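[1] with the input below, show me the fold.
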Amino acid sequence: MSKIVSKVNKNAESYQTNVEFHNGLVDILRGRIHEAVHGGRDHLIERHRKRGKLLPRERIDLLVDACTPFLEFSSLAAYDQYGGRVHSAGIVTGIGIIHGVHCVIVANDSTIKGGAYYPETVKKHIRAQEIAEQNQLPCIYLVDCGGAYLHEWDRVFPDRDHFGNIFFRQCNMSSQGLPQLAAVFGVSTAGAAYIPALSDEVIMVRGNATVHLGGPSIVKVAINEDIGAEELGGAEMHTTHSGVSDYLAETEQEAIARMRDIVSNLNRPQTTYQRVQEPQEPLYAMEEIKGIVSSDFSQPYDIREVIARLVDTSDFQEFKPQWGTSLICGTAHIQGYPVGILGNNGPLFSDASVKGAHFIELCEQRNIPLLFLQNVPGFMVGKAAEQGGIAKHSAKLVYAMSCAKVPRFTVVVGGSYGAGNYGMCGRGFRPNMMFAWPNSVVATMSPDIGTNVVMELARTSISKKATPEALEQLEKDTRKLYAEKSDPYFATSRIWDDGIIEPEQTRDVIALCLAVAATQPPEEGRSYVYRM
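    So this is what the prediction gives:
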């Protein structure tokens, strides 16, 4: 393989400007994650602790193997929505390692609206289950949940991908042989009662855990029966009488230890279906990425410089290096795991599109997972591009990427605009995981182009006779709208990705994703290469 030789000048003024820009973005990201984890609810956390309860991330820390990573999803879900009060959408999800087994963990945070489910909570929970099913992983539910948030019932309860879909997925994953395990630490009422009720094994903590379809107040209204929470659905009752719970724990720590014991006896073989080699560090430091990636999207940089800092020993076997040069394709290893990388060096022309489709088919044939590094203004437009068949050639890339059966991962490292987002495996094409950097932008088009299009339509519309003042206001409003809705925090708040990560974390995050994917046997299907 060929090593990438870096041409970065770390003494250049532009390098230092980029470093300062990205350091500022990373500081903002860390501050917002800190607020999501700790902020705005000290009195509720104190009350939580007085009951002998741990916070969800503390439970996860005790559950996973010591000194192993926990890949948290969508830490900033629901950010800047609901008055900024629903931190992380009230739920913590991610992949952790327990007795060497990769598991998806879903943990409710009852310090946020009693653990109630908002629309983003449901979406985040289902996304975690989707990842578990796609990667054939056990699911562990750390339950402390008051059910659906009633004021949002129309956006939480009735539709196909609403609250009920959580239980549908739970049933089907269990039927596929994917263990569904629950530990109940607090309230599990109304619809949330089905999370433990549908689990394969259940642990409840004495004194705090309760499971009931209708709480004492509902029972009083419905059948005029006076009953306390413990008698109605407490841990001791469910363990000794109803049989809803399989194990009674005296403390949360005991419940977590029991859960670790259950996972240790799942009898799940850990097979790797990839040819893994010894991990080696890149030749160049990861922190240099912040000096390479331009603070201004109009200033290009070579995506190979980023790749050189992601892959082992900066070895990169580039495919068709002299053709279709606006799309860089090649194979490498990340922490020992093989990967095929596609990264943008400008708009996607016809030759780059065909090259990308060819490369994806090669990786498909060889069972090599794909990593898309998105920094794309879109597919090329204009007379020459259209006459050259950009529509059919771009469709080849979209087709190959859509039908690829190998695992696909996406990181938005810059701008991701229009159909370029599609060709480079955007969210609509269901990559196994998708992350974004703090400088990322996902939009149909840039604010300048989008505003110009809207203004041109407004000026030429024969049905409206807009005044100059109205046109000026329209331009301001349009720019503001594009800026707001293309912000990475707007996207991650709505779970259009699986989280914003720091550029320096990318190698470790993708390595964990590749490690999980490597445990899955290759899917059967087409393996030919069609030279287009």
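
[2] how much space between Leu348 and Lys290?
    Computed as Cβ to Cβ, to the nearest Å, the Leu348 to Lys290 distance reads 26 Å. Yep, even glycine has a C-beta here, placed from its N, CA and C like the rest.

[3] and if you look at Asn432?
    For Asn432, the distance to Lys290 - Cβ to Cβ - is 26 Å.

[4] next up, the contacts around the residue nearest the centre of the chain.
    Nearest to the mean C-alpha position of the chain, by Cα atoms, centre = their mean, lies Asp498 at 1.3 Å. By Cβ atoms under 8 Å, 6 or more residues apart in numbering, the residues touching Asp498 are Phe73, Ser74, Arg127, Ile131, Met433, Met434, Phe435.

[5] one more time with 7 Å
    Phe73, Ser74, Met433, Met434, Phe435 (Cβ atoms under 7 Å, 6 or more residues apart in numbering).

[6] what of Pro56?
    Val92, Ala107, Asn108, Asp109, Leu142.

[7] tell me the one of these nearest His43?
    Asp109 (14.9 Å; Cβ to Cβ).

[8] redo the contacts of Asp498 as a markdown table? Include pLDDT.
    Formatted as a markdown table, these follow (pLDDT from 0 to 100):
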| residue | pLDDT |
| --- | --- |
| Phe73 | 98 |
| Ser74 | 97 |
| Met433 | 97 |
| Met434 | 98 |
| Phe435 | 98 |
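
[9] between these, which is nearest Val376?
    Taking the contacts of Asp498 together and measuring to Val376 by Cβ to Cβ, the closest member is Met434, at 14.3 Å.

[10] what's next to whichever helix or strand the closest one is part of, contact-wise?
    For Met434, the host element (DSSP states H and E) is strand 433-436. Residues outside strand 433-436 that contact it (Cβ under 7 Å, 6+ apart) are 409-412, 427, 488, 491-492, 497-501, 509, 513.

[11] make it 8 Å
    131, 409-412, 425-427, 442, 488, 491-492, 497-501, 506, 509, 513.

[12] narrow those to those in helices?
    Members of the contacts of strand 433-436 lying in helices (criterion: DSSP state H): Ile131, Pro488, Ala491, Thr492, Thr506, Val509, Cys513.

[13] buried ones among the residues you listed?
    Ile131, Pro488, Ala491, Thr492, Thr506, Val509, Cys513 (16 or more other Cβ atoms under 10 Å).

[14] pretty sure Gly24 is in a strand, no?
    No - under DSSP: H, G, I helix; E, B strand; the rest coil, Gly24 sits outside any strand and is assigned helix.

[15] one step back: so which of the contacts of Asp498 is the most crowded?
    The most crowded member of those, judged by other Cβ atoms under 10 Å, is Ser74 (27 neighbours).

[16] how close does it sit to Glu472?
    In terms of Cβ to Cβ, Ser74 sits 38 Å off from Glu472.

[17] do the same with Gly450
    17 Å.

[18] who has more neighbours, those two?
    Between Gly450 and Glu472, counted using other Cβ under 10 Å, Gly450 has the larger neighbour count: 19 against 12.

[19] ok, now which ones touch the more buried one?
    By Cβ under 8 Å, 6+ apart, the neighbours of Gly450 are Ala443, Thr444, Thr478, Tyr482.

[20] check which helix or strand covers it.
    helix 447-460.

[21] show me what the helix or strand just after that helix is packed against.
    Per DSSP H and E, the first helix or strand lying C-terminal to helix 447-460 is helix 468-485. If you count contacts as 3 or more Cβ pairs under 8 Å, 6 or more residues apart in numbering; DSSP states H and E, helix 468-485 packs onto helix 447-460.

[22] quick one: average pLDDT of the helix it packs on?
    Average pLDDT, helix 447-460: 79.

[23] now it: buried residues?
    So helix 447-460, judged by 16+ other Cβ under 10 Å, has buried residues Pro447, Ile449, Gly450, Thr451, Val454, Met455.

[24] and the closest residue to the fourth one other than its chain neighbours, how far from Leu471?
    In space, not counting the residues next to it along the chain, Thr451 is nearest to Thr478; the distance is 4.7 Å by Cβ to Cβ, 6 or more residues apart in numbering. In this structure, Thr478 lies at 10 Å from Leu471, with Cβ to Cβ as the measure.

[25] between the two, who's got more neighbours?
    Between Thr478 and Leu471, counted using other Cβ under 10 Å, the more crowded position is Thr478 (18 against 14).

[26] got the contact list for the more buried one?
    Taking Cβ under 8 Å, 6+ apart, we find Thr478 in contact with Gly450, Thr451, Val454, Met455.

[27] swap in Pro279?
    Here Pro279 is in contact with Asp312, His333, Gln335, Gly336, Ala511 (Cβ under 8 Å, 6+ apart).

[28] mind putting those residues into a markdown table with neighbour count and secondary structure?
    Converted to a markdown table, those look like this (neighbours: other Cβ atoms under 10 Å; DSSP: H, G, I helix; E, B strand; the rest coil):
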| residue | neighbour count | secondary structure |
| --- | --- | --- |
| Asp312 | 23 | helix |
| His333 | 23 | strand |
| Gln335 | 21 | coil |
| Gly336 | 17 | coil |
| Ala511 | 20 | helix |
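
[29] what is the nearest of these to Ile360?
    His333 (18.4 Å).

[30] what sits against the closest residue to that closest one other than its chain neighbours?
    Leaving aside its sequence neighbours, His333 sits nearest to Asp312 (Cβ to Cβ, 6+ apart; 4.4 Å). Applying Cβ under 8 Å, 6+ apart to Asp312 gives the contacts Gln277, Pro279, Gln280, Glu281, Pro282, Ala332, His333, Ile334, Gln335, Gly336.

[31] and for Lys3?
    Neighbours of Lys3 in contact, by Cβ under 8 Å, 6+ apart: Leu283, Thr313, Ser314, Asp315, Phe316.

[32] same list (these) but as JSON lines, adding pLDDT and neighbour count.
    Rendered in JSON lines, the data for the contacts of Lys3 read as follows (pLDDT from 0 to 100; neighbours: other Cβ atoms under 10 Å):
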{"residue": "Leu283", "pLDDT": "97", "neighbour count": "16"}
{"residue": "Thr313", "pLDDT": "97", "neighbour count": "16"}
{"residue": "Ser314", "pLDDT": "98", "neighbour count": "23"}
{"residue": "Asp315", "pLDDT": "97", "neighbour count": "18"}
{"residue": "Phe316", "pLDDT": "98", "neighbour count": "24"}
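
[33] tell me, how many residues neighbour Asp226?
    Neighbour tally, Asp226, other Cβ under 10 Å: 7.

[34] what kind of secondary structure is it in?
    Quick answer, by three-state DSSP: Asp226 is coil.

[35] and the residue lying closest to it once chain neighbours are set aside, how many residues sit next to it?
    Nearest residue to Asp226, sequence neighbours excluded (Cβ to Cβ, 6+ apart): Lys220, at 6.3 Å. Close neighbours of Lys220, defined as other Cβ under 10 Å, add up to 13.

[36] do Val101 as well
    For Val101, using other Cβ under 10 Å, the count is 18.

[37] from what I can see it touches Pro138, true?
    Yes - if you go by Cβ atoms under 8 Å, Val101 and Pro138 touch, sitting 6.7 Å apart.

[38] so what's in contact with those two at the same time?
    Val263, Leu266, Arg268.

[39] out of these, which are inside helices?
    Counting by DSSP H, the shared contacts of Val101 and Pro138 contribute Val263 to helices.

[40] just put the shared contacts of Val101 and Pro138 in JSON lines and tack on neighbour count.
    Listed next are the shared contacts of Val101 and Pro138 as JSON lines, based on neighbours: other Cβ atoms under 10 Å:
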{"residue": "Val263", "neighbour count": "20"}
{"residue": "Leu266", "neighbour count": "15"}
{"residue": "Arg268", "neighbour count": "19"}
